[in-house]
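Chemist: Pasted the sequence and its predicted model underneath.
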Amino acid sequence: HLLIRRDGAVVTITMNRPEVLNAFNDLLLQELTEAADDAAHDETIRCVVITGAGRAFGAGQDLASLTAAESSAEPMQISEHLTKYHRLLSILRTMPKPVIAAIRGVAAGISCNIALGCDLRIAADNARFIQAFARIGLVPDGGGGYFLPRLVGLGRALEIAMLADEINGPEAERIGLVNKCVPLDEFETATAALAQRLAQGPTRTYALIKELMYSSLDSDLQSSLKLEGELQNIAFTTADHKEGVAAFLQKRPPHYKGS
Ligand code: LHQ
């Protein structure tokens with residue numbers, strides 16, 4: 001259920017069940033997790049894009065397969081099922097390179113929250129973000145309870161989670177749910193440009209930046225300043241740092257190798 005495309009140092013992973021708006025069944029989730037894990041370990045990949053085929057990013061958990069599991073002889077524990085999504089989220093978070101979610105059309109339920117678990121989000125202006133959970137009597141899962149208040153603030157997070165109203169692309173950009181919203185006809189070009197730009201950046205430093213920023217969400221100032229020093233010690237010894245300084249002094253653009 002996946003399409004995987006390489007363009008230089010960028011890999012684009014496309015969820016491909018367009019007939020159900022890329023809703024997650026077990027196979028799609030498993031394939032996406034494996035593809036993300038492979039991308040994390042492949043040093044020739046310096047930026048990862050996750051997107052959806054057809055008119056949607058994703059419609060969340062496949063509700064048909066969920067109903068089938070509920071009515072089977074051994075009803076499933078949802079928390080057990082969720083740990084599979086948690087593994088994916090943890091791979092995205094620890095991946096030592098930038099991960100972009102590129103959202104066109106619907107991003108509902110846990111698909112929306114997988115997008116929130118990526119480092120950056122670019123949306124088409126036809127994007128529809130729906131925290132669909134409360135509509136069917138569920139709480140936001142897939143990291144929604146963690147990422148939503150951190151991205152848009154507690155007040156808005158509660159409103160979005162309880163009312164479960166659709167948020168369109170421009171509004172999502174305005175409230176900080178996505179980094180950028182672009183017209184639909186520019187979506188693919190803009191996504192590719194952003195991904196290529198990041199893929200040509202100082203990749204090891206980007207990994208350290210992820211570490212610094214994500215850690216800060218759960219730490220105090222003193223801890224963050226301490227970590228900053230430790231990470232800067234590492235960044236300071238990278239070839240890309242030396243190249244960046246040399247390029248500045250020579251008044252030329254830098255050529256980063258990611259090391
Ligand atoms: C779908 C789905 C879908 C199956 C559209 N499943 N077929 C819960 C429990 C366990 C663990 C993991 O996490 C979760 C959390 C969740 O993710 S719960 C939230 C699940 N998602 C939803 O509640 C959204 C359900 N879908 C919708 O409300 C609508 O489809 C939206 C608003 C997303 C899109 O509406 P439309 O643009 O009008 O499209 P549509 O409804 O016509 O959908 C197109 C097709 O896709 C349709 O099939 P059909 O055979 O009629 O063409 C839908 O049945 C199918 N589809 N979402 N989640």
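Modeler: Received the coordinates, thanks.

Chemist: Can you tell me, leaving aside adjacent residues, what's nearest to the one residue in the stretch 101-250 of the chain that gets nearest to the ligand?
Modeler: As assessed by CB to the nearest ligand atom, the ligand sits closest to residue 109 within the stretch 101-250 of the chain, at 2.6 Å. From N, CA and C alone the C-beta is placed, and that goes for glycine too. Beyond its immediate neighbours in the sequence, the residue positioned closest to residue 109 (CB to CB, 6 or more residues apart in numbering) is residue 60, lying 2.2 Å away.

Chemist: for residue 8, same thing?
Modeler: The shortest distance from residue 8 to any residue other than its chain neighbours is 6.4 Å, reached at residue 199 (CB to CB, 6+ apart).

Chemist: Equivalent analysis for residue 104, please.
Modeler: For residue 104, ignoring the flanking residues on the chain, the nearest one in space by CB to CB, 6+ apart is residue 124 at 4.3 Å.

Chemist: helix or strand for residue 230, which one?
Modeler: In this assignment (DSSP states H and E), residue 230 forms part of helix 221-236.

Chemist: So which bits of that helix are buried?
Modeler: By neighbour count on 16 or more other CB atoms under 10 Å, the buried set for helix 221-236 is 227, 231, 235.

Chemist: How much space separates residue 1 from the ligand?
Modeler: Relative to the ligand, residue 1 is positioned 13 Å away (CB to the nearest ligand atom, to the nearest Å).

Chemist: next one: residue 78
Modeler: As defined by CB to the nearest ligand atom, residue 78 lies at a distance of 5 Å from the ligand.

Chemist: Local confidence estimate at that residue?
Modeler: Turning to residue 78, the model gives it a pLDDT of 91.

Chemist: phi, psi of it?
Modeler: Reported as degrees, to the nearest 10, the phi and psi values for residue 78 are phi -60, psi -40.

Chemist: Identify the residues contacting the residue nearest to the spatial centre of the chain.
Modeler: Centroid-nearest residue in the chain, with CA atoms, centre = their mean: residue 118, separated by 1.7 Å. Contacts were defined as CB atoms under 8 Å, 6 or more residues apart in numbering; by that measure residue 118 touches 50, 92, 99, 100, 101.

Chemist: if we can go back for a sec, show me the contacts for the residue of the stretch 101-250 of the chain closest to the ligand.
Modeler: With contacts defined as CB under 8 Å, 6+ apart, residue 109 is in contact with 59, 60, 61, 130, 131, 132, 133, 142.

Chemist: again with residue 178
Modeler: For residue 178, the residues meeting the contact criterion (CB under 8 Å, 6+ apart) are 103, 121, 122, 123, 127, 169, 172.

Chemist: Let's see that with 6 Å instead.
Modeler: Contact criterion CB atoms under 6 Å, 6 or more residues apart in numbering gives 121, 123, 172 as the residues in contact with residue 178.
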